[in-house]
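> Here you go, sequence then predicted model.
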Amino acid sequence: MELFEAIRRMREISRKNETFSFSFMSYNSSAGQSEGIIEVRHARLRARALKAHHRHAEIIEEYIDVDTGQARHFYQPLLMNFNGEKVSA
């Protein structure tokens, strides 16, 4: 599945208040390091960050991990899988 199609489908599912699963490669831009692959079993996208609040807002997706209740984010280019399908750039 193409990256932007996956993001579009994530937004559509989230608007319906349903959940999806996905995985991505973590990246901490401040530290310049990764903690490896992150797998999220039940998620919904949240409102996107404003550019004034995050310098990479245009490529970041905010989400909530429904299982833990944690608000998190990921970089779009690092998305690996969406609902069991491999994502490509």
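Good, I have the coordinates. Values in this document were obtained by computation on a predicted structure and should not be read as measured data.

> drop to CA atoms for contacts and neighbour counts, all remaining ones
Will do.

> which residue is nearest the middle of the protein?
Closest to where the C-alpha atoms of the chain average out (C-alpha atoms, centre = their mean) is Phe74, at 4.4 Å.

> In contact with that one, which residues?
For Phe74, the contacting residues are 24, 26-27, 60-62, by C-alpha atoms under 8 Å, 6 or more residues apart in numbering.

> Ala89: which of those is nearest?
Nearest to Ala89 among the contacts of Phe74: Phe24, at 12.8 Å, using C-alpha to C-alpha.

> Which residue comes closest to that closest one once chain neighbours are left out?
Among residues not flanking Phe24 along the chain, Leu79 sits closest, at 4.3 Å (C-alpha to C-alpha, 6 or more residues apart in numbering).

> Now for the one you found, how many residues are close by?
For Leu79, the neighbour count with other C-alpha atoms under 10 Å is 22.

> do the one 3 residues further on as well
Residue neighbour count, defined by other C-alpha under 10 Å, stands at 20 for Phe82.

> one step back: please settle this for me: is the residue nearest to the centre of the chain part of a strand?
Yes: residue state for Phe74 (DSSP: H, G, I helix; E, B strand; the rest coil) corresponds to a strand.

> Select the longest strand from this protein.
Across the chain, the longest stretch assigned as strand under DSSP state E is strand 37-45.

> Contacts for whichever helix or strand Phe4 is part of, please.
In the assignment (DSSP states H and E), Phe4 maps to helix 3-15. The contact list for helix 3-15 (C-alpha under 8 Å, 6+ apart) reads 19-20, 44-46, 76-77, 79, 82, 87-89.
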